[in-house]
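*Asks:* Need a 3D model of the sequence below.
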Amino acid sequence: MDKIKVTVWNEYLHEIQFKEVAAVYPEGIHNCIGNFLKEAGMDVKTATLSMPEHGLTEDVLRETEVLIWWGHMAHDRVEDVIVDRVYNRVQEGMGLIVLHSGHASKIFQKLMGTNSGMLKWREDGEKEIIWVVDPSHPICDGLDEKFIIPHEEMYGEHFNISQPNEQVFISWFEGGEVFRSGCCWHRGRGKIFYFRPGHEVFPVYHMPEVQKIITNAVKWACPANSIPPVKYGNLPPVMEIKTEDAGITGNPGLHEKK
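*Replies:* This is a model prediction of the structure:
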């Protein structure tokens, strides 16, 4: 079996600017995620905001089966031409996994058709319980019915997104808030998964459960090799089809006049 080709995109700004973040992710969030995906047998590349074309050139995206997106403080610095490029690749079949504050990214908002940056939040480092609400979903493979993140940033409803095609996880926080923390959509031929956890000052991406979810999500979002090509545009004139050519048989007297 060929390895799934994954590109992990990260702004890579917090880790450079803040010592407390660098202490948690010394190689950057993108490399933390990339390393456990490599251990899972995937072919992984990384890309960051400061690279030419944000590291998401046409060649890179053409070879990417699943793109993982982590952004927070520089959504506005992502060039629109790159957003359009990613959007088109999702329509063509590339999977997209959006993490944590990537909910406010240009690409996620374009795919949702809403201002998905709208939600409640609180940076108290409180406990989060993530509940599995669709245990049969492939992204939940190998998980218990819930797991606990000891310290996280709270996100609360209402989350201004389009209605998910599939709801996988829901979170509860110590303040009583709940949040749709794992949602799936289909756009064109592509699959999208949003996963809420991942505030940069906490070691969330080091947790086995979180790594399992992201690994499962990559497998789920990867386009199937058997997807047939689709042709769009003007069709030729309709040709008359004779019943014998179409393999239609029956009682020849069925339609005779009585």
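
*Asks:* and the closest residue to residue 158 other than its chain neighbours, how many neighbours?
*Replies:* Using C-beta to C-beta, 6 or more residues apart in numbering and skipping residues adjacent in sequence, the residue nearest residue 158 is residue 119, 7.1 Å away. Bear in mind the C-beta positions are built from the backbone N, C-alpha and C, glycine included. As a burial measure, the neighbour count of residue 119 was computed by other C-beta atoms under 10 Å and equals 19.

*Asks:* Enumerate every residue touching residue 119.
*Replies:* Taking C-beta atoms under 8 Å, 6 or more residues apart in numbering, we find residue 119 in contact with 103, 155-160, 179.

*Asks:* any idea how far residue 76 is from it?
*Replies:* Residue 119 is 18 Å from residue 76, where distance means C-beta to C-beta, to the nearest Å.

*Asks:* ok, now residue 93?
*Replies:* Using C-beta to C-beta, one obtains 28 Å as the distance from residue 93 to residue 76.

*Asks:* Looking at these two, which one has more neighbours?
*Replies:* Here residue 93 and residue 76 are compared on neighbour count by other C-beta under 10 Å; more neighbours surround residue 93, at 17 against 8.

*Asks:* ok, the more buried one touching residue 192?
*Replies:* No - because the distance of 11.7 Å does not satisfy C-beta atoms under 8 Å, residue 93 is recorded as not touching residue 192.

*Asks:* can you give me the mean pLDDT across stretch 111-122?
*Replies:* What stretch 111-122 shows for mean pLDDT is 96.

*Asks:* Show the end-to-end separation of it, please.
*Replies:* 26 Å (C-alpha to C-alpha, to the nearest Å).

*Asks:* If you count neighbours, what's buried in it?
*Replies:* 111-112, 116, 119 (16 or more other C-beta atoms under 10 Å).

*Asks:* Where does residue 21 fall, secondary structure wise?
*Replies:* Secondary-structure element containing residue 21, defined by DSSP states H and E: helix 19-24.

*Asks:* now for that helix, which elements pack on it?
*Replies:* Under the contact criterion of 3 or more C-beta pairs under 8 Å, 6 or more residues apart in numbering; DSSP states H and E, helix 19-24 touches helix 14-17.

*Asks:* Need the mean per-residue confidence for the helix it packs on.
*Replies:* Within the predicted structure, the mean pLDDT of helix 14-17 is 96.

*Asks:* and the residue most central in space within the chain, what are its bridge partners?
*Replies:* If you average the C-alpha coordinates of the chain and look for the closest C-alpha using C-alpha atoms, centre = their mean, you land on residue 97, 2.0 Å from that point. Beta bridges link residue 97 to residue 68, residue 193 when assigned by DSSP bridges.

*Asks:* Would you agree it is in contact with residue 217?
*Replies:* Yes - Residue 97 is within contact range of residue 217, at 5.2 Å (criterion: C-beta under 8 Å).

*Asks:* what's the overlap in contacts for the two?
*Replies:* Shared contacts of residue 97 and residue 217, defined by C-beta under 8 Å, 6+ apart, comprise 193, 195.
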